[in-house]
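*Asks:* Structure for the following, please:
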Amino acid sequence: ARHKALHHAGAQQGQEQHPSTVSAGQPPAPPLRDTSQALEITQYFFEAVSTQMEKWYERKIEEARSQANQRAQQDKAALKEHIKSLEEELSKLRTKVQKES
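*Replies:* Coordinates of the predicted model:
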């Protein structure tokens, strides 16, 4: 992806100056300027993409945390309910045993 973006930025800059159209008397300075400009644009692009990816990952991590907390709350509630029903069952069994003896 990096090579592709560099190539793309370079291609856009390269369209302005064709080496074949530069006369022999002119110094070939523009291509160097174009290259540094392309690198600058590419660097800016990658910084912007990196920032957006960081934000995206932070959102995803927060979503995962939120979902995990929600599941934990649901599991906790289900376990409490299960414990309650087991305690009720145990209580019934105890009263049954006491009545029989």
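
*Asks:* Show me what the longest helix along the chain is packed against.
*Replies:* If you go by DSSP state H, the chain has its longest helix at helix 30-100. When contacts are defined as 3 or more Cβ pairs under 8 Å, 6 or more residues apart in numbering; DSSP states H and E, helix 30-100 sits against helix 2-14. Where you see a C-beta, it was placed from the backbone N, CA and C, and this is true even at glycine.

*Asks:* Just the mean pLDDT for the helix it packs on, thanks.
*Replies:* For helix 2-14, mean pLDDT rounds to 50.

*Asks:* what's the answer for stretch 91-101, then?
*Replies:* If you average the pLDDT values across stretch 91-101, you get 90.

*Asks:* repeat for stretch 39-49
*Replies:* According to the model, stretch 39-49 has a mean pLDDT of 97.

*Asks:* now swap in stretch 66-78 and tell me
*Replies:* For stretch 66-78, mean pLDDT rounds to 98.

*Asks:* residues near residue 80, how many?
*Replies:* Other residues within reach of residue 80, judged by other Cβ atoms under 10 Å, total 10.

*Asks:* for residue 54, same thing?
*Replies:* Residue 54: 10 neighbours (other Cβ under 10 Å).

*Asks:* And it, how close does it get to residue 47?
*Replies:* Distance of residue 54 to residue 47, given as Cβ to Cβ, to the nearest Å: 11 Å.

*Asks:* Ok, residue 41 next?
*Replies:* 11 Å.

*Asks:* quick one, which of these two is more surrounded?
*Replies:* Shown here are residue 41 and residue 47; by other Cβ under 10 Å, residue 41 has more neighbours (17 against 10).

*Asks:* Just the CA trace of stretch 70-85, in CSV.
*Replies:* The C-alpha trace of stretch 70-85 is given here as CSV (Å, rounded to 0.1, in the frame of the first residue of the first chain):
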residue,chain,number,x,y,z
GLN,A,70,-22.7,-6.0,29.4
ARG,A,71,-22.2,-9.7,29.1
ALA,A,72,-20.6,-9.8,32.5
GLN,A,73,-23.6,-8.1,34.0
GLN,A,74,-26.0,-10.5,32.2
ASP,A,75,-23.9,-13.5,33.4
LYS,A,76,-23.9,-12.2,36.9
ALA,A,77,-27.7,-11.7,36.9
ALA,A,78,-28.2,-15.2,35.5
LEU,A,79,-25.9,-16.7,38.1
LYS,A,80,-27.7,-14.9,40.9
GLU,A,81,-31.0,-16.2,39.6
HIS,A,82,-29.6,-19.7,39.4
ILE,A,83,-28.2,-19.5,42.9
LYS,A,84,-31.6,-18.2,44.2
SER,A,85,-33.5,-21.2,42.5
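
*Asks:* I am finished for the moment; much appreciated.
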